[in-house]
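K.L.:
Please find the sequence and the predicted model below.
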There are 2 protein chains.
Amino acid sequence: MAEEFVQISTGEALTLGKSLLEKAGYSEDHARTITECVVRAQMDECHSHGLYRLISCCELIERGKVDPSAVPSVEDRAPAIVRVDSKRGVSLAGFEAGLPKLAEKAKASGIAAMAINNCFHFSALWPEVEAISDHGLVGIAMTVSHAWVAPAGGTKPVFGTNPFAFGWPRPDKHPFVFDFATSAIARGDIELHRRAGTPLPEGTAIDAEGKPTTDPEAAVGGAMLTFGGHKGSALSAMIELLAGPLIGDMMSAESMAFDDGARVTPLHGELIIALDPESFLGQATAVNLKRGDALFDAIEAQVDAIEAQGARVPSARRYVARARNEKSGTMPVKPNVLEELKARAKAL
Amino acid sequence: MAEEFVQISTGEALTLGKSLLEKAGYSEDHARTITECVVRAQMDECHSHGLYRLISCCELIERGKVDPSAVPSVEDRAPAIVRVDSKRGVSLAGFEAGLPKLAEKAKASGIAAMAINNCFHFSALWPEVEAISDHGLVGIAMTVSHAWVAPAGGTKPVFGTNPFAFGWPRPDKHPFVFDFATSAIARGDIELHRRAGTPLPEGTAIDAEGKPTTDPEAAVGGAMLTFGGHKGSALSAMIELLAGPLIGDMMSAESMAFDDGARVTPLHGELIIALDPESFLGQATAVNLKRGDALFDAIEAQVDAIEAQGARVPSARRYVARARNEKSGTMPVKPNVLEELKARAKAL
């Protein structure tokens, strides 16, 4: 690890996060679910969703947007739909509250959906699809964000960074998981580039005049681009609709209007779909997968075919980081992030 | 319309297709569903899925792979899952057989899935998500194909072209629909370039040595690339799993092994998901949408925001072509395609 990072132990990271968030005003449940999520991301060296997000969680309270002690309610909306009202709390407590019902419904019906409404959302989606795979279920998750991203061929923001995640259970192994922004770059990475004073990769943003730019400040004043041209743009449009009006929640433009310059994490909804292989296949293969099961062999064959040619399986880098940091019981953090968190904890 | 096309009337196209397919050995149901689908594609000037596909449907019989009179069976697999066994027929008759049950289940449960197994598949997916939107439902469809596409960072084919389609109903308008291959180019377009002797776009394929190529023949001997780098590659991997082992059907590599050099359209499965906005929202907004409904306003606002900046909404070009050709009652076809179809019909 380069000296640009310092190490913090898992226990210290959890204690620092929870105590900071509780001092800032979050309920025990919010402080715990948020801290566990950002510590998991930090442990995977997924810095853009790691400990530094605790700063924006504090700002979310300071700017008067979030209800830091909201208790989510879980509603049985339809045989295969569970709806969670996060009541302007953070999405993570809502996800935790609704997950058992989602898993139950997916196993009973074969496929089920969970709508989390009215939540502030800032976290990566892979912890959620991982949690779904722990139930032996296939998971898909998506959210809108703020209107920062121009449609293909356009110059003005319409879409959010609209992340999309997928998880597929593997026995005795971490699940096959991917989680990507449909923007060409994650918003969190733009912020990290801005803080570090480094240029953005080419092809990720345009300035206020619609011209390509690598300047993070100019990108913030202009628009981000989607990945993959018109196909990525179409996916982003789909996510706007599925995680917005389908579940009766805001689209990215509405979320941004609600933010009204406060520049906090978006308030909106999240759509999660869980599929039960056992129901599809009519046989018990999902939870207790073993070699010889078609479902097991299929994913292993795919992973082998990708890795045998030197290509990378999604999340592989995260899982390697996780194994290393779980073993050492510590994780690398940017020193300036750690200092700011400690200073905030002391000041509260 | 340039002179590279000749016009054929809708009636003549339907008669030619049905009579050719019935003479070739297809049942009335297969001949009708296949012909209606390719004529719709031709009408939308979606040439790669249009009338020329009738040639490969004939080859499918000649090469002894398809059961041309298979009658699909519909199974109620789980409360929210319907499974159609196409029994080695073409997918389209299976889709038609299962759709009413899928719609019924989606409305009863809020979300439902249809697995079409054991089907030869060559058609575009947009006619299917359009048909789902006619029920006031949101539709998602995907299939694997043959292993022609290398994963991001790799050089050897693992994935199929793995198309993904989405449809969202709009009142008094064609639905918001996209349908794209997760490969950087559609397989059908490679075939059209090969026939026309024109080069492929850059960045769509590699040759047998893993080097970039624009030669259609070299691409066929090498591998196609996914769109959008590692994100497109991740989506393609997801489709392999969802439309393959999740529904107990072949992955692209297995489908290609089954093909065993016959070079016919892939035998495999298809996964379709339908979501019912009414169930999600708890109010009647889906089928009889009108201005003022949130669901209606959301899609219209999104379309307006995209079009106002001169960007293109997916399927817009198809819908313009459809309107033009519906008005004239004719559609443009490549003369060599029409000649081959007529010659085949005469020879049978």
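P.N.:
The structure has been received and is ready for your questions. Numbering: from 1, shown residues only, chains lettered A, B, ... in the order given.
K.L.:
contacting residues for the closest residue to residue A:212 other than its chain neighbours?
P.N.:
Distances taken as CB to CB, 6 or more residues apart in numbering or on different chains put residue A:206 closest to residue A:212, at 5.8 Å, once the chain neighbours are dropped. From N, CA and C alone the C-beta is placed, and that goes for glycine too. By CB atoms under 8 Å, 6 or more residues apart in numbering or on different chains, residue A:206 lies in contact with A:150, A:155, A:212, A:213, A:219, A:222, A:223, A:225.
K.L.:
so how far does stretch A:65-80 reach from one end to the other?
P.N.:
With CA to CA, to the nearest Å as the measure, stretch A:65-80 spans 32 Å from end to end.
K.L.:
rewinding a little: just the contacts of residue A:206: which are in helices?
P.N.:
Within those, residues falling in helices by DSSP state H are residue A:219.
K.L.:
helix or strand for the closest residue in space to residue A:158 that isn't next to it in sequence, which one?
P.N.:
Distances taken as CB to CB, 6+ apart put residue B:305 closest to residue A:158, at 4.6 Å, once the chain neighbours are dropped. When elements are defined using DSSP states H and E, residue B:305 is found to belong to helix B:294-308.
K.L.:
circling back: for the residue nearest to residue A:158, grab the count of nearby residues.
P.N.:
20 (other CB atoms under 10 Å in any protein chain shown).
K.L.:
try residue A:196
P.N.:
By the criterion of other CB under 10 Å, residue A:196 has 12 neighbours.
K.L.:
Which per-residue confidence value corresponds to it?
P.N.:
With respect to pLDDT, residue A:196 scores 91.
K.L.:
Same check on the one 3 residues further on?
P.N.:
On pLDDT, residue A:199 comes in at 97.
K.L.:
next one: residue A:261
P.N.:
So residue A:261 comes in at 80 (pLDDT).
K.L.:
Does stretch A:95-106 reach chain B?
P.N.:
No - on the criterion CB under 8 Å from any CB of the partner chain, stretch A:95-106 is out of touch with chain B, staying 8.8 Å away.
K.L.:
For that stretch, list every residue counted as buried.
P.N.:
For stretch A:95-106, burial by neighbour count (16 or more other CB atoms under 10 Å in any protein chain shown) applies to A:95, A:96, A:97, A:98, A:99, A:101, A:102, A:103, A:105, A:106.
K.L.:
what's in contact with it?
P.N.:
Contacts for stretch A:95-106 (CB under 8 Å, 6+ apart): A:29, A:33, A:72-74, A:76, A:79-82, A:84, A:112-114, A:116, A:128, A:131-132, A:135, A:137, A:270, A:272, A:274-276, A:279.
K.L.:
about what we covered before: among the contacts of residue A:206, which ones are in strands?
P.N.:
Among the contacts of residue A:206, the members found in strands (DSSP state E) are residue A:223.
K.L.:
now the contacts of residue A:206 as CSV including neighbour count, distance to residue A:255 and pLDDT?
P.N.:
Formatted as CSV, the contacts of residue A:206 follow (neighbours: other CB atoms under 10 Å in any protein chain shown; distance: CB to CB, whole Å; pLDDT from 0 to 100):
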residue, neighbour count, distance to residue A:255, pLDDT
A:150, 26, 17, 96
A:155, 18, 21, 93
A:212, 15, 26, 95
A:213, 21, 24, 96
A:219, 25, 19, 94
A:222, 23, 19, 94
A:223, 25, 16, 96
A:225, 24, 20, 97
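K.L.:
any idea which of the contacts of residue A:206 is closest to chain B?
P.N.:
Ranked by distance to chain B (CB to the nearest CB), these are led by residue A:155 at 5.8 Å.
K.L.:
Could you double-check that that closest one sits in contact with residue A:225?
P.N.:
No - Residue A:155 lies out of contact with residue A:225 (CB atoms under 8 Å); the separation is 10.0 Å.
K.L.:
what's the distance between the very next helix or strand once past the helix holding residue B:305 and the middle of its chain?
P.N.:
Next along the chain after helix B:294-308, taking DSSP H and E as the criterion, comes helix B:316-328. In terms of CA atoms, centre = their mean, to the nearest Å, the centre of helix B:316-328 is found 19 Å from the chain centre.
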